[in-house]
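# got a sequence here, can you build the structure:
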Amino acid sequence: MTPAPIAVALDAPDLETAARWAALVTPHVSTVKVGLELYLRYGPDVIASVRGASGVRVFLDLKLHDIPNTVAGAARAVARLRPSILTVHAAGGPAMIRAAVAAAPHTQIAAVTVLTSLTEGDLERIGLTGPADSAVRRLAALSVESGATALVCSPNEVSAVRAEVGEEITLITPGVRPTGAATQDQMRVATPEQALADGADLLVIGRPITGSPDPGAAAAAIAASLRRAT
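Just a heads-up that it's a prediction; the model follows:
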């Protein structure tokens, strides 16, 4: 059975828990995601621990954002860990994105457009003009022009971004919550079925799976719901 296009966010309190969650969900999902907190606490060891013997794809979500030379050095440093996907902030600009792409040629560089935790009011206060979908589309176009082959956007904007960048770009959507699940700090959300229907390629889902008493069963249930919907 083909694993579901889900990246489980392993936002665990310790390395052992992250590795256990990864082992439980790997039979059902294509990808596991390591975020900034876990990577800073345990360093490169966390990648080998969550990958295990399964060979599951690892999404390294560091959201790099600095001057091009620094981001190139950071991307080169983590490329040796063979992550399938590495994130940078689109707001870092075209030179920074190009530097990351050049430094990690065997890793897919995903540009984060606008964080799903931000509201329209937040965007106005930090100076991103226009409604959220306009800002996301502008940053998406800039990122693809700069060499990014994947984009991170909320499910609310995924159909507009797909229309903007075409079918060849991988669209990754956090802010995905099964029906009835709490949205927590996510402001722009959709169900897994709706996000896929709107054009997403990879769904980032964390707490609805890892907060379950049985993360493996929770991942299997969401994967089954996606198979029924497609």
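# please report how far the residue nearest to residue 4 when sequence neighbours are not counted lies from residue 39.
Spatially, and ignoring its direct neighbours in sequence, residue 4 is nearest to residue 223 (3.6 Å; C-beta to C-beta, 6 or more residues apart in numbering). In this view, the C-beta of every residue, glycine as well, is placed from N, C-alpha and C. Remark: distance between residue 223 and residue 39 (C-beta to C-beta, to the nearest Å) = 26 Å.
# what of residue 154?
In terms of C-beta to C-beta, residue 154 sits 23 Å off from residue 39.
# more crowded one of those two?
Taking other C-beta atoms under 10 Å, residue 154 and residue 39 do not tie; residue 154 has more neighbours (27 against 18).
# thought residue 28 was touching the residue nearest to residue 4, still the case?
Yes: Residue 223 is in contact with residue 28 according to C-beta atoms under 8 Å; the separation is 4.6 Å.
# spell out which residues are contacts of both of these two.
3-4, 6 (C-beta atoms under 8 Å, 6 or more residues apart in numbering).
# would you turn those residues into a markdown table with secondary structure?
Below are the shared contacts of residue 223 and residue 28 laid out as a markdown table (DSSP: H, G, I helix; E, B strand; the rest coil):
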| residue | secondary structure |
| --- | --- |
| 3 | coil |
| 4 | strand |
| 6 | strand |
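# TSV for these, including pLDDT?
Shown next, in TSV, are the shared contacts of residue 223 and residue 28 (pLDDT from 0 to 100):
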residue	pLDDT
3	90
4	94
6	96
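# helices and strands of the protein: which one has the lowest mean pLDDT?
helix 120-125 (a mean of 86; mean pLDDT, DSSP states H and E).
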